[in-house]
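**Student:** Fold the stuff below for me.
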Amino acid sequence: MGDAPHYDVIIIGTGAGGGTLAHRLAPSGKRVLVLERGDYLPRERDNWDSTSVFVKSKYRAQEFWFDDRGKEFPPEVNYYVGGNTKFYGAALFRLRPEDFGELRHHDGMSPAWPIRYDDLEPYYTQAEHLYLVHGRHGEDPWEGQVSAQYAYPPVEHEPRIQRLSDDLEKQGLHPFHLPIGVNLTQDEAGRATHASACIRCDRVDGFPCLIGAKSDAQVICVDPALRHPNVEMVTNAHVVRLETDPTGRTVDSVVARLANGEETRYAADIVVVSCGAVNSAALLLASANDQHPRGLANGSDVVGRHYMRHNNLALVAVSLEPNDTKFQKTLALHDWYLGADDWDYPLGGIQMLGKSDAEQIHGEAPRWAGSLPLDMPFAVLAHHAVDFWLCGEDLPLPDNRVTLDGDGRIHLALDENNNTAGVKRLRHKLQHMLGHLGMHEHHLLTRSIYLYKGMPIGATAHQAGTVRFGDDPASSALDVNCKAHEVDNLYVVDTSFFPSIGAVNPSLTAIANALRVGDHLLERLG
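**Tutor:** Now for the predicted structure:
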């Protein structure tokens, strides 16, 4: 494999964590190498085709993982520059301040973080500005304090969603504009201006943006970072293991398998892993050696454990009137995030999904056959559909775990009933309000195709928690700066570091933390 070229920093992965970190380090002049397992996503019409994206899963990784019974399943992962942010819905929420402390749930305790909300708050603001987040702080009564307003105004509701917001307020609730990362300029009527990159279409959620107007890590961070001469990227470079010096205290080689099947080595003063919670844990486990027999940085035996992915429900309500909304992902509701008058435990949050179309509705036909509550053709149903995303917190159980078998294949153990009572109550809250919201009462259909065809273990888009950080090396793999306790030059900056996951999309927290760790690395590098 030859002598390893040497860099100041190697970053493995280009998603919300790795891509953002590359952007932070780029202006420093330090020599940075970014290794990406995939390539750039092809720009083609299928990017915006529902059948290609959702039904045929054209852009999903062509691989299978295994559950704890040895049954294979296709995970919801994408290996492209920008990582899973190429397909995310760009909903960029902050965790609540309470999420950083111990929080009692129906099924147990969500643990405290080693940092507080106030420690991350300045970086949340920087992350919101960097990723062009549109929103309005102050609308959600339960959000934490903020040091600055969003740099961009909220994406305006279209008429049907504005009516929904008004109806929710009439119920005494507090809907607010969903914070979303898009490169949008609106006129006084909320329409995209002639000069706006974003055109306010119905392809924002779950689709890659064909015109680069969604704030994904490639568009916002990786491509700008590569304009600096000190930053390089190698695509189609699948990192298969990290090797240490004889003491086990320093990573001295990053071994990657290239597109032609050959392996090559790279070296750096600092190595940063950001492959996604499952693959980051798998890489550390695959890097076991004599000094780290249970996996690199895994003396605590927590690497791979405490996997989380939220308790999510994607639901379709049926509006009494047609829903002509295109850009539907503009509203959220957190009134029951921490509890309710009839429930002492957190329920979670409600937000809008991207608008489903006839192809997506038709893709649900096998699940709905014989049980569709309305005598309505699929095309008409799609025209009346209003799509909701319910997100509840799952707990970091040690047996929810990533492991490798003797052939290096990924196994994922998951208790699918972990702390689900809250989100079930959240569904009932929504269902009982439908009649007051201009919907057919009690008709909430499961939009399983969005959750990867109804396979809970395969819905890995919000994966987190497998390489947790903390103050105690006996119960965590990383310190407060996301450096491995046991390895002096190894960091992890994707959502693996989460000790708990809250009940909002994890991307903004990963982005903010990458900026925080980036500042630490700049200080360390001098």
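**Student:** wait, Leu210 sits on Trp48?
**Tutor:** Yes. Using C-beta atoms under 8 Å, Leu210 makes contact with Trp48 at a distance of 5.5 Å. Quick note: C-beta positions are derived from backbone N, CA and C, even for glycine.
**Student:** The residue lying closest to Asp46 once chain neighbours are set aside - how many residues pack around it?
**Tutor:** For Asp46, ignoring the flanking residues on the chain, the nearest one in space by C-beta to C-beta, 6 or more residues apart in numbering is Ser52 at 4.0 Å. Around Ser52 there are 17 other residues, counting by other C-beta atoms under 10 Å.
**Student:** Then Val517?
**Tutor:** For Val517, the count of nearby residues is 24 (other C-beta under 10 Å).
**Student:** tell me what the host helix or strand of it is packed against?
**Tutor:** Val517 belongs to helix 507-525 when elements are defined using DSSP states H and E. Helix 507-525 sits against strand 6-12, helix 18-25, helix 117-130, strand 263-273, with contacts defined as 3 or more C-beta pairs under 8 Å, 6 or more residues apart in numbering; DSSP states H and E.
**Student:** returning to what we had before: would you list the phi and psi of the residue nearest to Asp46?
**Tutor:** The phi/psi pair for Ser52 (degrees, to the nearest 10) reads phi -70, psi -40.
**Student:** Could you do the one 3 residues further on as well?
**Tutor:** Phi and psi for Val55, reported as degrees, to the nearest 10, are phi -80, psi -50.
**Student:** Next secondary structure element downstream of the one helix or strand in the chain whose mean pLDDT sits lowest?
**Tutor:** Ranked by mean pLDDT, DSSP states H and E, the helix or strand of the chain with the weakest confidence is helix 365-368, at a mean of 67. Later in the chain than helix 365-368, the nearest helix or strand by DSSP H and E is helix 378-384.
**Student:** same for the helix or strand just after that next one, what does it pack against?
**Tutor:** Note on helix 378-384: by DSSP H and E, the next helix or strand toward the C-terminus is strand 385-392. Contacting strand 385-392 under the criterion 3+ C-beta pairs under 8 Å, 6+ apart are the following elements: strand 311-319, strand 349-352, helix 421-433.
**Student:** Can you give the strand pairings for strand 385-392, parallel or anti for each?
**Tutor:** strand 311-319 (antiparallel), strand 349-352 (antiparallel) (DSSP bridges).
**Student:** what's the angle from the first one to helix 421-433?
**Tutor:** Interaxial angle of strand 311-319 relative to helix 421-433 (axes from the mean of the first three to the mean of the last three C-alpha atoms, to 10 degrees): 10 degrees.
**Student:** For strand 311-319, list the C-alpha coordinates in PDB.
**Tutor:** Coordinates of each C-alpha in strand 311-319 appear next as PDB, following Å, rounded to 0.1, in the frame of the first residue of the first chain:
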ATOM      1  CA  ASN A 311     -40.100   6.700  17.800                       C
ATOM      2  CA  ASN A 312     -41.500   8.100  14.500                       C
ATOM      3  CA  LEU A 313     -44.900   8.000  12.900                       C
ATOM      4  CA  ALA A 314     -45.600   9.300   9.400                       C
ATOM      5  CA  LEU A 315     -49.400   9.900   9.100                       C
ATOM      6  CA  VAL A 316     -51.800  11.000   6.400                       C
ATOM      7  CA  ALA A 317     -54.900  12.900   7.300                       C
ATOM      8  CA  VAL A 318     -57.700  13.500   4.800                       C
ATOM      9  CA  SER A 319     -58.800  17.100   4.400                       C
END
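**Student:** And that strand, how far out from the chain middle?
**Tutor:** Remark: strand 311-319 is offset 19 Å from the chain centroid, using C-alpha atoms, centre = their mean, to the nearest Å.
**Student:** which element follows it toward the C-terminus?
**Tutor:** Using DSSP H and E, the helix or strand that follows strand 311-319 in sequence is strand 331-333.
**Student:** for the shortest one, same thing?
**Tutor:** Using DSSP H and E, the helix or strand that follows strand 349-352 in sequence is helix 358-363.
**Student:** which residues are contacting that next one?
**Tutor:** Identification of contacts with helix 358-363 by C-beta atoms under 8 Å, 6 or more residues apart in numbering yields 49-51, 54-55, 316, 378-379, 381-382, 385, 447, 449-450.
**Student:** List buried members of the residues you listed by neighbour count.
**Tutor:** In these, burial by neighbour count holds for Asp49, Ser50, Phe54, Val55, Val316, Phe378, Leu381, Ala382, Ala385, Arg447, Ile449, Tyr450, counting by 16 or more other C-beta atoms under 10 Å.
**Student:** Read off the pLDDT value for Met455.
**Tutor:** On pLDDT, Met455 comes in at 55.
**Student:** now the one 3 residues further on
**Tutor:** Looking at Gly458, its pLDDT reads 85.
**Student:** thought it was touching Glu76?
**Tutor:** Yes. With contact defined as C-beta under 8 Å, Gly458 counts as touching Glu76 (5.8 Å).
**Student:** What's the end-to-end length of stretch 406-423?
**Tutor:** Using C-alpha to C-alpha, to the nearest Å, one end of stretch 406-423 lies 37 Å from the other.
**Student:** Just the mean pLDDT for that stretch, thanks.
**Tutor:** The model assigns stretch 406-423 a mean pLDDT of 95.
**Student:** Next, the buried residues of it.
**Tutor:** For stretch 406-423, burial by neighbour count (16+ other C-beta under 10 Å) applies to Ile410, His411, Leu412, Ala413, Leu414, Asn418, Asn419, Thr420, Ala421, Gly422, Val423.
**Student:** what is the mean pLDDT for stretch 276-289?
**Tutor:** The pLDDT scores in stretch 276-289 average 98.
**Student:** same check, this time on stretch 179-187
**Tutor:** 98.
**Student:** Point out where the protein drops to low pLDDT.
**Tutor:** 1-4, 365-374, 449-455 (pLDDT under 70).
**Student:** show me the contacts for Lys214.
**Tutor:** With contact set as C-beta under 8 Å, 6+ apart, Lys214 has these partners: Ala90, Gly181, Val182, Asn183, Cys198, Val204, Pro208.
**Student:** what about the second one, neighbour count?
**Tutor:** For Gly181, the tally of surrounding residues (other C-beta under 10 Å) stands at 30.
**Student:** mind listing what it touches?
**Tutor:** Applying C-beta under 8 Å, 6+ apart, we find Gly181 in contact with Ala90, Leu92, Tyr131, Leu132, Val133, His134, Lys214, Ser215, Ile220.
**Student:** Those residues in strands, which ones?
**Tutor:** Secondary structure from DSSP state E places Val133, His134 of these in strands.
**Student:** quick one: the residue lying closest to Gln145 once chain neighbours are set aside from Glu143, how far?
**Tutor:** Excluding the flanking residues, the one nearest Gln145 by C-beta to C-beta, 6+ apart is Glu121, at 7.1 Å. According to C-beta to C-beta, to the nearest Å, Glu121 stands 11 Å off from Glu143.
**Student:** now Ala464
**Tutor:** Look at Ala464 and Glu143: by C-beta to C-beta, they are 21 Å apart.
**Student:** likewise Val155?
**Tutor:** To Glu143, Val155 is 18 Å away according to C-beta to C-beta.
**Student:** Looking at those two, which one has more neighbours?
**Tutor:** A side-by-side neighbour count of Val155 and Glu143, using other C-beta under 10 Å, places Val155 first with 24 against 19.
**Student:** Report the beta-bridge partners for Ala340.
**Tutor:** Here Ala340 shows beta-bridge partners Trp343, assigned using DSSP bridges.
**Student:** contacting residues for it?
**Tutor:** Ala340 makes contacts with Leu347, Arg425, Lys429, as judged by C-beta under 8 Å, 6+ apart.
**Student:** Just send these back as CSV, with neighbour count and distance to Asn481 too.
**Tutor:** Listed next are these as CSV, based on neighbours: other C-beta atoms under 10 Å; distance: C-beta to C-beta, whole Å:
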residue, neighbour count, distance to Asn481
Leu347, 29, 33
Arg425, 20, 38
Lys429, 19, 40
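**Student:** Tell me the one of those nearest Gly438?
**Tutor:** Among the contacts of Ala340, Lys429 lies closest to Gly438 (C-beta to C-beta), at 16.8 Å.
**Student:** Nearest spatial neighbour of the closest one, chain-adjacent residues omitted?
**Tutor:** In this structure, Lys429 finds its nearest non-sequential neighbour in Trp336, 6.3 Å apart by C-beta to C-beta, 6+ apart.
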